[in-house]
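**Student:** please find the sequence and the predicted model below.
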2 protein chains.
Amino acid sequence: MLVVMKFGGSSVADLDKIRNVAERCIRKWKEGNRVVVVLSAMGKTTDRLLAQAGEISKMPSRREMDMLLATGEQVSVSLMAMTMIQMGVTAISLNAWQVPMYTNSTYQNAKLKRIDCERIRKELDSNKIVVVTGFQGVNKYDDITTLGRGGSDTTAVALAAALHADLCEIYTDVDGVYTADPRIVPNARKMPEVTYEEMLEFASLGAKVLHNRCVEMARRYNVKLVVKSSMCEAEGTVVKEKTKMEKMLISGVAGDKNIAKITVAGMKDDPESTFRLLNLLSSKGVNIDVMIQSLEKDGTKTLTFTVAKPDMIMIEELLKNEGEILGNVNIKCKEDVAKVSVVGAGVSSNPGVAAKMFEALSNAGINTNMVTTSEIRITAVIKEAELELAMRAVHDRFAAEWE
Amino acid sequence: MLVVMKFGGSSVADLDKIRNVAERCIRKWKEGNRVVVVLSAMGKTTDRLLAQAGEISKMPSRREMDMLLATGEQVSVSLMAMTMIQMGVTAISLNAWQVPMYTNSTYQNAKLKRIDCERIRKELDSNKIVVVTGFQGVNKYDDITTLGRGGSDTTAVALAAALHADLCEIYTDVDGVYTADPRIVPNARKMPEVTYEEMLEFASLGAKVLHNRCVEMARRYNVKLVVKSSMCEAEGTVVKEKTKMEKMLISGVAGDKNIAKITVAGMKDDPESTFRLLNLLSSKGVNIDVMIQSLEKDGTKTLTFTVAKPDMIMIEELLKNEGEILGNVNIKCKEDVAKVSVVGAGVSSNPGVAAKMFEALSNAGINTNMVTTSEIRITAVIKEAELELAMRAVHDRFAAEWE
């Protein structure tokens, strides 16, 4: 079996942790697998480098930032290969440019374009464990690029796809994907399997386990992903195309406090006014999330939508200053709101899901404010103070059926 | 003018020092020069990385060591380019593999084989300051190598040679090459010029200013070198083929305490016994330095030579254990010895030099023990305790004529 194993910065934060990871990889290799290891920079290295660059300039050259940041993973992979060799195993470290993993030239947020597998295959053929820098690439000018957020996970999935690996294991500080955040919902349980779609919804709903970008790539190339803990031997969560869990109504509950609600009342009731508002927002790069539109008795239109909390002030200013194109509107902002969502492949095929969710919220005395649904998700906007109560109530309503 | 400017680790040890170096390079560039900057790793970075590797293994993989160590210079050059760009100048950092600077595959002590100048020329043509990692190379497998001791100086001289630079400036923590170590000889003065040969003698006599390897390369490719301080604006010392100073009898005095004297008495008086002894020593990688041979009245031969002090014990053991091939010899070791040397292009053409040196030593009451000479050097072995007195006495004897 060819396995790509990816470890994040906290899993390689010091030499003891590097030794643990090395042992784990060597075990996999001794079981007869071909092993490619992808690493992030050690612990807080990237933060330290960012701080140094920040002292030089508020807007450091993006090309030079990538040159600087790339040293972080180069240190991790060389120390890891050294450790494995010291343990008596043949291993070799490779920078992204040595693979090479080509990207476009968008420094700090580059997109992978092409991976040349020849070098890695040659090293695997000579029975080596190959340790590759995550997060990095090289562009057509031979300059170093970095992949931005979720970069190392994306490197791992991309290598798994290019090498036609049987499995891509993402090791992290949690031991899998849970039906809800266990710190909030004590009854939360680990899911043995989720679909790519469910994982994407979880990621965009604020679960920090995997970045959307890596899940999307895994789905596109049908890479079998496993999320598991680097600290223990527990079975993780498998992310794949189809799961056996479709008989379950939902696969989990997610909560997100990082939203604000904006209400624009008194708009003219024509299609153009909505378009103008959305256009104004998108011109500033604002993503709007849940949105509802209602007609008032006086013939005006009210638009309500949620945005990321840090954007609220900027949007309020924008609408007040440029709002005249919308007519004589009245703008209200509210930041003590949150979203609670249920996610699962069974949502659209089981009309009972929404009923059960709102039954649970109502039993807990929680008012819902706005609601949206997708194929595999139902989201309600509620008061921020009630989010944890809501997550527990909704989770436990469905958990009762899992037993 | 095309100038290569090289700065060592202490000159770029923190962001303030990096700013100072950046200003200095920018000044040179604004004067209308094309500027290539070569940097070492910041301050103690290399030591810190070596210590980390040392915790993993007593004999870490040499390839992985080079992968690890190379991150040090990559950090310096990216921070430097970032600083220059922040100061409003176009600059770009390059790793050795991006130049590329090809070496053989002797990891940790690689030899430069070929430098491709196209990329650097292109960046210079677009009016950029080009900041290149010192100490590094890349081999034909696309693996990172490092050049070993004196590596960054060698990088600078090699780039100057390949680019046909008009000048290679080596910035260091002293402001030039002195006629003797100013900490020992208060009257020592800075030489405006020395020849490559003199600089080579100084380097091998323990002056730490430039590594032999870089001076040899400068001589071979006729690169004009200047040694100057990164801390002040003082004129440095020019190292070149011929100097105007040949009327001076000597260019300086050097002292070296790091030697021990070994006497092997009672050897058979035939050529083969000397050969056997030298063969035995060279088989263990021992470099012998000053050597004299004398015939005793009893028909045996005595060989006396100096070696590096740390090797003495090992050599004593070796000669005692394997000495039977030499006959019934008697071995004596002495470590309280030192060498005092005068260096200068005028030595061989001026028989008076030796006379003046021994006159000065004798006036100071210092016995000389063994003597050797080269074209441009006279070395005497004396008691270690008398070294500083000897250096001052010899230096001041010649200095009197410089006035």
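**Tutor:** On my side now, so go ahead. Numbers count the residues shown, from 1 in each chain, chains lettered A, B, ... in the order given.

**Student:** look at A:Asn328 and give its secondary structure.
**Tutor:** At A:Asn328 the chain is in coil, as set by DSSP: H, G, I helix; E, B strand; the rest coil.

**Student:** how about it, what does it touch?
**Tutor:** Going by C-beta atoms under 8 Å, 6 or more residues apart in numbering or on different chains, A:Asn328 touches A:Gly266. Where C-beta positions appear, they are placed from N, C-alpha and C, glycine not excepted.

**Student:** A:His322 against A:Leu280, yeah?
**Tutor:** Not His; residue A:322 is Glu. Yes: assessed by C-beta atoms under 8 Å, A:Glu322 is found in contact with A:Leu280 at 6.1 Å.

**Student:** more neighbours, the two?
**Tutor:** Neighbour totals were compared for A:Glu322 and A:Leu280, and A:Leu280 leads with 17 against 13 (other C-beta atoms under 10 Å in any protein chain shown).

**Student:** any idea how far A:Leu318 is from that one?
**Tutor:** 7 Å (C-beta to C-beta, to the nearest Å).

**Student:** try A:Lys356
**Tutor:** Counting by C-beta to C-beta - A:Lys356 and A:Leu318 are separated by 39 Å.

**Student:** with A:Ile292 instead?
**Tutor:** In terms of C-beta to C-beta, A:Ile292 sits 20 Å off from A:Leu318.

**Student:** repeat that for A:Val75.
**Tutor:** Distance from A:Val75 to A:Leu318, counting by C-beta to C-beta: 43 Å.

**Student:** repeat for A:Glu55
**Tutor:** From A:Glu55 to A:Leu318 the distance is 32 Å (C-beta to C-beta).

**Student:** just A:Lys332 next, same as before
**Tutor:** 15 Å.

**Student:** next one: A:Ala13
**Tutor:** Counting by C-beta to C-beta - A:Ala13 and A:Leu318 are separated by 42 Å.

**Student:** before we move on, what about A:Lys190?
**Tutor:** A:Lys190 is 43 Å from A:Leu318, by C-beta to C-beta.

**Student:** which strands or helices does the longest strand anywhere in chain A pack on?
**Tutor:** Using DSSP state E to define each element, chain A has its longest strand at strand A:252-267. If you count contacts as 3 or more C-beta pairs under 8 Å, 6 or more residues apart in numbering or on different chains; DSSP states H and E, strand A:252-267 packs onto helix A:196-204, helix A:271-283, strand A:301-308, helix A:312-322, strand A:330-343, helix A:387-402.

**Student:** can you list the residues of chain A near chain B?
**Tutor:** Contacts of chain A with chain B, taken as C-beta under 8 Å from any C-beta of the partner chain, map to A:15, A:49, A:52-53, A:55-57, A:60-61, A:63-65, A:67-68, A:70-71, A:74-75, A:77-79, A:81-83, A:85-86, A:92-93, A:95, A:97-98, A:119, A:142-143.

**Student:** what is the burial count for A:Lys339?
**Tutor:** By other C-beta under 10 Å, neighbour count at A:Lys339 equals 25.

**Student:** thinking again about what came up before, A:Lys332 and A:Leu318: which has the busier surroundings?
**Tutor:** A:Leu318 (17 against 12).

**Student:** the more buried one: what's it in contact with?
**Tutor:** A:Leu280, A:Leu281, A:Lys284.

**Student:** against chain B, how distant is it?
**Tutor:** 31 Å (C-beta to the nearest C-beta, to the nearest Å).

**Student:** pLDDT at that residue, what is it?
**Tutor:** Per-residue pLDDT puts A:Leu318 at 87.

**Student:** likewise for A:Glu322?
**Tutor:** 79.

**Student:** what does A:Asn127 give?
**Tutor:** For A:Asn127, the model assigns a pLDDT of 96.

**Student:** equivalent analysis for A:Asp181, please.
**Tutor:** 84.

**Student:** tell me how many other residues crowd it.
**Tutor:** So A:Asp181, with other C-beta under 10 Å, has 19 neighbours.

**Student:** same check on A:Val138?
**Tutor:** Around A:Val138 there are 22 other residues, counting by other C-beta under 10 Å.

**Student:** re earlier: and the contacts of A:Leu318 as CSV, adding pLDDT?
**Tutor:** Below are those laid out as CSV (pLDDT from 0 to 100):
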residue, pLDDT
A:Leu280, 85
A:Leu281, 85
A:Lys284, 80
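
**Student:** quick one: list the elements packing against the helix or strand encompassing A:Val227.
**Tutor:** With secondary structure defined by DSSP states H and E, A:Val227 is part of strand A:225-229. Applying 3+ C-beta pairs under 8 Å, 6+ apart, we find strand A:225-229 packed against strand A:167-172, helix A:212-220, strand A:237-240.

**Student:** list the buried residues for the second one?
**Tutor:** Meaning helix A:212-220. Of the residues in helix A:212-220, A:Asn212, A:Arg213, A:Cys214, A:Val215, A:Glu216, A:Met217, A:Ala218, A:Arg219 count as buried by neighbour count, 16 or more other C-beta atoms under 10 Å in any protein chain shown.

**Student:** contacts for it, please.
**Tutor:** A:149-150, A:153-154, A:156-158, A:160-161, A:168, A:170, A:196-197, A:199-200, A:203-204, A:223-225, A:239, A:241.

**Student:** recalculate using a threshold of 10 Å.
**Tutor:** For helix A:212-220, contacts defined as C-beta atoms under 10 Å, 6 or more residues apart in numbering or on different chains pick out A:6, A:111-112, A:147-158, A:160-161, A:168, A:170, A:194-204, A:209-211, A:223-225, A:239-241.

**Student:** try the shortest one
**Tutor:** For strand A:237-240, the surrounding residues in contact (C-beta under 10 Å, 6+ apart) are A:167-168, A:170, A:174-178, A:190-200, A:202, A:209-210, A:214-215, A:218-219, A:222-228, A:243, A:251.
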